[in-house]
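*Asks:* Next comes the sequence, and after it the predicted model I'd like to discuss.
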Amino acid sequence: MDTPSGLTDADPTANFVGRHSDRFEPLPDEALARWSKFPSWEEIYFPTLVGIQMSEVKRDYCRLVLPFRQELTQPAGIVHGGVTATLIDTVVVPAIGAAYEEGTLFATITMNVEYRSAVKPGETMVAEGWVTQRGKSVVFTQAEVWAADRLVATGTCIYKVSPPRS
């Protein structure tokens, strides 16, 4: 079984087998060192506040984990759909970004989410995101979010990529 780095066997994601990871090549050491810390960089950004954690990053691919927290639920007792959408929007960033120099800017142009199942209390979410096409300044991506053994959402994102600010 594929055990994501940083996760223990006691973790509910320890037996998660990446469904897409094998299709992608490892990153060069410099890019791996930079992106393996995402989203827990020196600055605190929204994905860190939500609780998103890095699991695996490769060229054009990323897997993130979001452990369950009660604060992520809505009144019906299931995880809020916005949390799932955030995970989709976030998992593609390292997949996109590892191909560019540090400081490159990324902005979501469009995002489409299809919810397939509710995320129940106690379930850890695992997201995989990958690049499907790169243009000069626009990148197309896909993502899947899993909880337990179910696909709970799929999504596509289109990102605008801009050079670093001077």
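*Replies:* That came through fine. Numbering: from 1, shown residues only.

*Asks:* which other residues reach the lowest-mean-pLDDT helix or strand in the chain?
*Replies:* Every helix and strand in the chain was compared by mean pLDDT, DSSP states H and E; the lowest is helix 46-50, with a mean of 91. Helix 46-50 is contacted from outside by 38-40, 66, 72, 83, 86-87, 90, using C-beta atoms under 8 Å, 6 or more residues apart in numbering. C-beta coordinates here come from the backbone N, C-alpha and C atoms, glycine included.

*Asks:* Cross those residues against strands and list the overlap.
*Replies:* Counting by DSSP state E, the part of those found in strands is Leu66.

*Asks:* from the contacts of helix 46-50, which two are the most distant?
*Replies:* Phe38 and Leu72 (19.6 Å; C-beta to C-beta).

*Asks:* Report the buried residues of the longest helix belonging to the chain.
*Replies:* Secondary structure assigned by DSSP state H gives helix 81-97 as the longest helix of the chain. For helix 81-97, burial by neighbour count (16 or more other C-beta atoms under 10 Å) applies to 83-97.

*Asks:* Ok, stretch 133-140 next?
*Replies:* Quick answer for stretch 133-140 (16+ other C-beta under 10 Å): 139-140.

*Asks:* got it, and stretch 158-166?
*Replies:* The neighbour-count check on stretch 158-166 (16+ other C-beta under 10 Å) flags 158-159, 161 as buried.

*Asks:* which stretch of helix or strand covers Val131?
*Replies:* In this assignment (DSSP states H and E), Val131 forms part of strand 125-134.

*Asks:* Pull up the pairing partners for that strand, direction included.
*Replies:* Its sheet considered, strand 125-134 pairs with strand 61-66 (antiparallel), strand 138-147 (antiparallel) by DSSP bridges.

*Asks:* what angle sits between it and helix 81-97?
*Replies:* With axes from the mean of the first three to the mean of the last three C-alpha atoms, to 10 degrees applied, the angle from strand 125-134 to helix 81-97 works out at 50 degrees.

*Asks:* Just the mean pLDDT for strand 125-134, thanks.
*Replies:* The average pLDDT within strand 125-134 is 98.

*Asks:* Show me how far it is from its chain's centre.
*Replies:* Distance of strand 125-134 from the chain centroid (C-alpha atoms, centre = their mean, to the nearest Å) equals 7 Å.
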